[in-house]
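Enquirer: need a structure here:
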Amino acid sequence: MNKPVLGLAVGGVLGIFDGLSALVSAPETAPLITGIVIGSTCKGLLAGVLIGAFSRKVRSLRSGILFGLVIGLLLAYAVAAMPDESGKHYYWEIMLPGSIVGAIVGYVTQRYGTAPAPAPRA
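Expert: Residues are numbered from 1 along each chain as shown. Now for the predicted structure:
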């Protein structure tokens, strides 16, 4: 499977678990879990495509994991910066799993994704 598609698939699946982690890290968010899971899945899909595209260009496991970590962290920060109804921010609860998801997607796309075939010479 090519790297962006693999990143999309892995990011989407891990995004579901990222959203479900809110039940453990912030149990008071349980009434909002459906929206949290949907948002985390979308965040995982976006991160997966970006990380997969990077992995397609740069073939380094270390760089892929680091890029995934940074992308996951940045996307998670964008979500964590938005307060809930009471004005509380969940930086730790959102950014830690988001960065882990990014690092895992970076690893998977570098390790298991296929590189594009070279163009045939004329």
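Enquirer: Going by C-alpha atoms from here, please, whenever you check contacts or count neighbours.
Expert: OK.
Enquirer: Quick check: what element follows the helix or strand of the chain with the lowest mean pLDDT along the chain?
Expert: Ranking every helix and strand in the chain by mean pLDDT, DSSP states H and E puts helix 22-25 at the bottom, with a mean of 93. Going down the chain from helix 22-25, the next helix or strand is helix 33-57, by DSSP states H and E.
Enquirer: next one: the least confident helix or strand of the chain to chain centre, how far?
Expert: How far helix 22-25 lies from its chain's middle: 17 Å, per CA atoms, centre = their mean, to the nearest Å.
Enquirer: same check, this time on stretch 91-105
Expert: Per CA atoms, centre = their mean, the displacement of stretch 91-105 from the mean C-alpha position of its chain is 7 Å.
Enquirer: Same check on stretch 90-101?
Expert: Offset of stretch 90-101 from its chain centre (CA atoms, centre = their mean): 10 Å.
Enquirer: Ok, stretch 51-63 next?
Expert: That offset, for stretch 51-63, works out to 14 Å (CA atoms, centre = their mean).
Enquirer: likewise stretch 39-49?
Expert: In this view, stretch 39-49 has its centroid 5 Å away from the chain centroid, taken as CA atoms, centre = their mean.
Enquirer: now stretch 59-66
Expert: The chain centre lies 15 Å from the centre of stretch 59-66; the measure is CA atoms, centre = their mean.
Enquirer: and that stretch, average pLDDT?
Expert: The average pLDDT within stretch 59-66 is 96.
Enquirer: swap in stretch 107-122?
Expert: Averaged over stretch 107-122, pLDDT sits at 85.
Enquirer: I appreciate the help and will end here.
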